[in-house]
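[1] My questions are about this predicted structure, shown below with the sequence.
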Amino acid sequence: MNQQSLPNATAVLVLGILSLVACFCYGIPGIICGVIALVLYSKDKKLYMANPQLYNNYSNLNTGRILAIIGVVLGVLFLAFMIWYISLIGFEALSDPELMKERMEELQNR
């Protein structure tokens, strides 16, 4: 029987890698790429489970899923860290170096 590739396996793998790379860009791009990869994974997994002998690249699909999960988790953690950090020093201190220095000195003197 002639095996074929799963339609979204390469896309899931690429999006999983992108979610890892982009998770440190304030978390949001990594979360978006990871969620899209997980949605595509679920569609392809249903295809694979219906007829496993018909498809040959399930390992790429599974690898992409693992990378997407890691990317989403890291993206959420980084986003939570950024929210905590901004709430600690204030949003206006991000664009003013002098104010940032003052806030950091205040935090060190506590």
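    Noted; the coordinates are in hand. Numbering: from 1, shown residues only.
[2] so what does the helix or strand of the chain with the lowest mean pLDDT touch, helix or strand wise?
    Least confident helix or strand of the chain, by mean pLDDT, DSSP states H and E, is helix 97-108 with a mean of 92. Contact analysis of helix 97-108 by 3 or more CB pairs under 8 Å, 6 or more residues apart in numbering; DSSP states H and E lists helix 58-89 as its packing neighbours. In this view, the C-beta of every residue, glycine as well, is placed from N, C-alpha and C.
[3] now with 7 Å?
    Using 3 or more CB pairs under 7 Å, 6 or more residues apart in numbering; DSSP states H and E as the contact definition, helix 97-108 packs against no other helix or strand.
[4] Give me the buried positions along that helix.
    In terms of neighbour count (16 or more other CB atoms under 10 Å), helix 97-108 has its buried residues at residue 103.
[5] tell me the angle of whichever strand or helix holds residue 29 relative to helix 58-89?
    In the assignment (DSSP states H and E), residue 29 maps to helix 28-50. Using axes from the mean of the first three to the mean of the last three CA atoms, to 10 degrees, the direction of helix 28-50 lies 150 degrees away from that of helix 58-89.
[6] what comes into contact with helix 28-50?
    6-9, 11-12, 15-16, 18-19, 22-23, 55, 58, 61, 64-65, 68, 71-72, 74-76, 79 (CB atoms under 7 Å, 6 or more residues apart in numbering).
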